[in-house]
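1. sequence first, then the predicted structure, then my questions.
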Amino acid sequence: MGSIKRRDFIKTVTAVGCTAAGLSAVTPKKLNATPENILSKDRYGVLVDTTVCIGCRRCEWACKKAHGIEAGSIDDYDDKSVFQEERRPAHDSYTVVNSYDVPNAEPVTVKVQCMHCDQPACVSACIVGAFSKKENGAVIWDESKCIGCRYCLVACPFQVPTFDYHKAIEPEIRKCDFCYERTSKGQLPACVEICPVEALTYGKRSDLLQIAHDRIHRNPDRYIDHILGETEVGGTSWMYLSKTEFSNYNFPKLGNSPAPGVSESIQHGIFAYFVPPIALYALLGGIMYLTKEKSTEEEK
Amino acid sequence: MKIKIISVIILLLLFVNVFHAQSDHKNFDFNCSLCHECENPTKIDPCLKSCPRHEIITVHHTAQQGPKEIILNKFEGIEDIFEPVNFSHRAHSEMSSMAGGCEMCHHYNPPGSIKKCSDCHETNRMRTDLSKPDLKGAFHRQCIDCHSIWDNDVKCADCHAENATEGAQSATKESYAESYHQPVVEPGRIVYETEEMDGVVTFYHNDHVNVFGLQCNSCHKSESCARCHMENNVLADANRDLEEKHAVCSSCHDVDNDCESCHKEKIVEGFNHARSTGFNLNEYHGSVECEDCHKAGKGFKGLKSECSSCHKDWNSSNFDHSVTGLMLDEIHIENDCADCHTEGVYTSQNCENCHDPDIKYPDSKPGTLKKR
Amino acid sequence: MEHSFVPSQMTKKYFTPWVTVIFIIALIGLAILMLRLVFGLGFITNLDNQHPWGIWIAIDVAAGVALAAGGFTTAALGHIMHKDKYEVLVRPALLTAMLGYTFVALGVCVDLGRYYSVWHPLIYWNGNSVLFEVGICVMFYLTVLYIEFLPIVAKKFIGNVNLPGILSGLSKPVDKFLRILYKALDKTMFIFIIMGVVLSCLHQSSLGTLMVIAGPKMHPLWQTPVLPLLFLISAIAVGFPMVIMESTIASKSFGLKPETDLLGDLGKMVGPLLGVYLAFKVGDMFIRETFVYLTELTTESVMFSIELIFGVVVPLRMFLTKSVLKSPTGLFIASMLVIFGVLLNRINNFLVAYTPPYEKVTYFPSFGEIAVTVGFICLEILLYRLFVTYFPVISVPVEKSLQDSKYSLKRA
């Protein structure tokens, strides 16, 4: 340090400061531009009526067919013994139907898949922005960006994304993609299309909410006054109706604030237009400059 | 001027609107307020209440008058995994007679002809009106509701034939056009062992039907097929709670207070009006509904055997004596009833009021006997 | 005669019996790492969809970053605040940080499903992602650390570049290049030093923010919005104990006299830092009223108590005791406790506190995971030993007159 003059020091500090400020002016826009995270007013959703579901598991079969996963014969899905233990979505099954015993009533079958949150934690968390919330409500994953860090699995409040741990090269993050390919062609999601009893109603989220409230209003004996996904974690595209409390079906108990809310506000607090880092830089520069002066004076 | 024209147009439109609505409903015989909340519903704002669908059902007919078989082939999936269902309509309507009747499936039918399911339920799942299930969903919900009670393990192939890839005809299900529900064999006497009380309840099904004239569906309101067809089924009487068991009888019997009339120590004989009450229901009263005499409701008590306790307004001018088998002659027909039947007892005759003691009934008759 | 400390190369033999053992453990770790690369993560780890992160993230990355904090804390002390007497500790700490972060990066790569795409964050940005910030900061900081170490390498070769064979003609230009590089770095080094501290503060805190998004999946004893602050303070607090620990071990290993006075002075600063950390940790616990969870006997409450008592309270008391600050053993033990506390805290935050909603089996690291983690630590030790043997990193006492200005050129 001894060989630089004080004037040089000031010059360089200023130059660095300017560069950083310039960078900060450019980057925030870029940062916010990616990844795509649209919350369209006309986004679609699915209303799952658990009081209608018959647990036929045809949705599991159709889902696999639609995503090019080995699905086997449709008759194999008549096997009800799989209900003995709770299954979760996996890399080879993006949706599963579980059966839950409820007090004083027949068991209830409940389909599980990605909820397609309105404020998705995975979209917020993904290091490379491989997840995006599309205009039609789907939260989808982009293979070309993913690095396989599995932070999305950590972040998801519903514990939905899965990872293929037994693949050494190109392992994928896999989850329900709301049949993005089919819906962009004007088709229904595969599970919705095959459901024999239309326990899954596909439509605009706002319409579905209205219908759901209407059903609850007209059948107070059939439904509890709670639409899972209306407000949970800031709202989800997939919503559920039920006769009994959702805790019976092992849904995680979640608040109404969006899952990525706290971490994003901390993050943007630390990085508010790069002011805090630059301020810290300037502060340390100042200390360095002042103590240097002191120590050189002492030397003299 | 402009304003006037516009207001005329608006008025005209309103009129057309109202007229149109009324023409739509011209067969309706309901109060508007049955369906509409406001006084002047319009097409734009119909202000509908939640639909009282069962009250709107207007067409009633027997099971045999409906179609025998309906082939449900209205919709096509992108991939047809299954063949259309041949629905045995007649057999199902016969079955429903013990349950909810036609309206179990036909839950909405405003005046006019019978509505087809597809009149209301859209065939396309991708649709704008999501308030009702689509046709496929509606059918499956309707069928599976009963079929799953019938059999916990309902399979698609129970109703559908799987679509054969090579287009083989053998994959089609047989026709049900000629199938019908076997006539139900009525039970006679059923003895219920009661756990809560000692003794038994002896139930004469045949008496209730033949003597008391109850219709099947006045008790069997919502029977499931499984009630009869499944062994050890969950709906057997043993599995019903006390309230459910009594509910069936409670429309006629006072189940809350009068236990003893049904719960006896031993099996009792069937109902016999003559033996139980001393009043023989002969051919005149056999066809009379119980409630026509026992007007006090549940209990069926408190009636005397005198005719006048019921037939208070009968007198000689309005009673056709010939129904008793004795046509009064011209002289006697003028008499008051009490001239011959003293003390209000119409089974004994007293001729002494007018005649010498040697003239007695039935040696001397006040008219001619008729074959009844 | 007054003694002064000058960084020198260590002259002891590289392989000792212990080094050989460490070498073998490192080789085993690398062999198992090969299995992971060929057969995938599932083959050697106990990770599943409920437990996406294991010890490779909790220990190799999170704890690795925290324990490499000595680099930036001593840099701040020695270079930014110009406490010149601590300058002798800067180089070893810098080397530890450099190696530490290198292995953090390697640890991340091993854990990534698509390790070959590790550079993606450079082109695909997500400003909302905490992990993105951590990733970018670590990448930049690693570069800064290499730049900071570069002068030591350059200085060694300046004046004696002797390329073999046909490359011998290039010896002169390379020497010239090294001289220019050394000069340029000498003039601009302060930029990198400050940048290093800023980057460290950013990602040390953001590592704490990482788990905030897990929300209710994380046990309330640890889940708090002040996690980033706790992580930053604990990282700063563990920096000096790491330096004390390394220095003590290095002195022993290379047969040098431990610099107890200097380390004691360094230790004096640890107490207050731990005190601040404890205050925040306990204060947060009382504000969020999470102490109720300590009344139940669960894995979480036990682990939290161990972390707090043996990792913070006990060493805090020790560092505030004069006799401990004067004894090499006392200093070493107290430092080890702090290091243990921070290590446990990172493990707790990333593994123990993380209770996924559909857990069927609880996570415990597999042999493969442990072998790779231990192997990496061993490799790090071996590289440290290699570096201090070949480059002047550790300071030894010499006569004062020989002392040279730190970054100035070797006089020709």
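-> Ah, there it is.

2. buried ones in stretch A:45-56?
-> Using 16 or more other C-beta atoms under 10 Å in any protein chain shown as the test for burial, stretch A:45-56 gives A:Gly45, A:Val46, A:Leu47, A:Val48, A:Asp49, A:Thr50, A:Val52, A:Cys53, A:Ile54, A:Gly55, A:Cys56. The way it works is simple: take the backbone N, C-alpha and C, and place the C-beta from them, glycine included.

3. tell me the one of the residues you listed nearest C:Phe72?
-> A:Gly45 (47.9 Å; C-beta to C-beta).

4. are we agreed that that closest one is in a helix?
-> No - according to DSSP: H, G, I helix; E, B strand; the rest coil, the state of A:Gly45 is strand, so it is not within a helix.

5. that one contacts A:Thr201, correct?
-> No - with contact defined as C-beta atoms under 8 Å, A:Gly45 and A:Thr201 do not form a contacting pair (9.0 Å).

6. any residues in contact with both of the two?
-> Common contacts of A:Gly45 and A:Thr201 (C-beta atoms under 8 Å, 6 or more residues apart in numbering or on different chains): A:Leu208.

7. quick one: the strands in the stretch 251-400 of chain C?
-> With DSSP state E, counting those that start in this stretch as the criterion, the stretch 251-400 of chain C has strands at C:394-399.

8. what does it put close to chain A?
-> C:Tyr354, C:Pro356, C:Pro357, C:Tyr358 (C-beta under 8 Å from any C-beta of the partner chain).

9. what do you get if the cut-off is 10 Å, keeping everything else the same?
-> Within reach of chain A by C-beta under 10 Å from any C-beta of the partner chain, the stretch 251-400 of chain C has these residues: C:Phe350, C:Tyr354, C:Pro356, C:Pro357, C:Tyr358, C:Glu359, C:Lys360.

10. burial measure for the fourth one, as a count.
-> Right, C:Pro357. C:Pro357 has 16 neighbours, counted by other C-beta atoms under 10 Å in any protein chain shown.

11. give me the pLDDT for it.
-> With respect to pLDDT, C:Pro357 has a value of 88.

12. show the pLDDT at the residue nearest to it when sequence neighbours are not counted.
-> In this structure, C:Pro357 finds its nearest non-sequential neighbour in A:Pro252, 4.5 Å apart by C-beta to C-beta, 6 or more residues apart in numbering or on different chains. For A:Pro252, the pLDDT comes out at 91.

13. not counting sequence-adjacent ones, nearest residue to A:Asp118?
-> For A:Asp118, ignoring the flanking residues on the chain, the nearest one in space by C-beta to C-beta, 6+ apart is A:Gly235 at 4.2 Å.

14. give me the phi and psi angles of that neighbour.
-> The phi and psi values for A:Gly235, taken as degrees, to the nearest 10, are phi 100, psi 140.

15. tell me the pLDDT of residue 155.
-> You didn't pick a chain, so chain A it is. Here, the pLDDT recorded for A:Ala155 equals 93.

16. correction: the question concerned chain B.
-> Reading off the confidence values, B:Lys155 has pLDDT 78.

17. secondary structure element holding B:Val201?
-> Following DSSP states H and E, one finds B:Val201 within strand B:200-204.

18. what's the next secondary structure element after that strand?
-> helix B:205-206.

19. so what strands line up beside the strand holding B:Val201?
-> Paired strands of strand B:200-204, with direction, are strand B:189-193 (antiparallel), strand B:263-264 (antiparallel) (DSSP bridges).

20. wait, what's in contact with A:Pro89?
-> A:63, A:95-96, A:112-114, A:158-162, A:174-176, C:49, C:358 (C-beta atoms under 10 Å, 6 or more residues apart in numbering or on different chains).

21. cool, and A:Met239?
-> A:Met239 is in contact with A:45-49, A:115, A:201, A:205, A:208-209, A:212, A:227-230, A:232, counting by C-beta under 10 Å, 6+ apart.

22. next: C:Ile44.
-> Contact partners of C:Ile44, counting by C-beta under 10 Å, 6+ apart, are C:Ile32, C:Leu33, C:Met34, C:Leu35, C:Arg36, C:Ser366, C:Phe367, C:Gly368, C:Glu369, C:Ala371, C:Val372.
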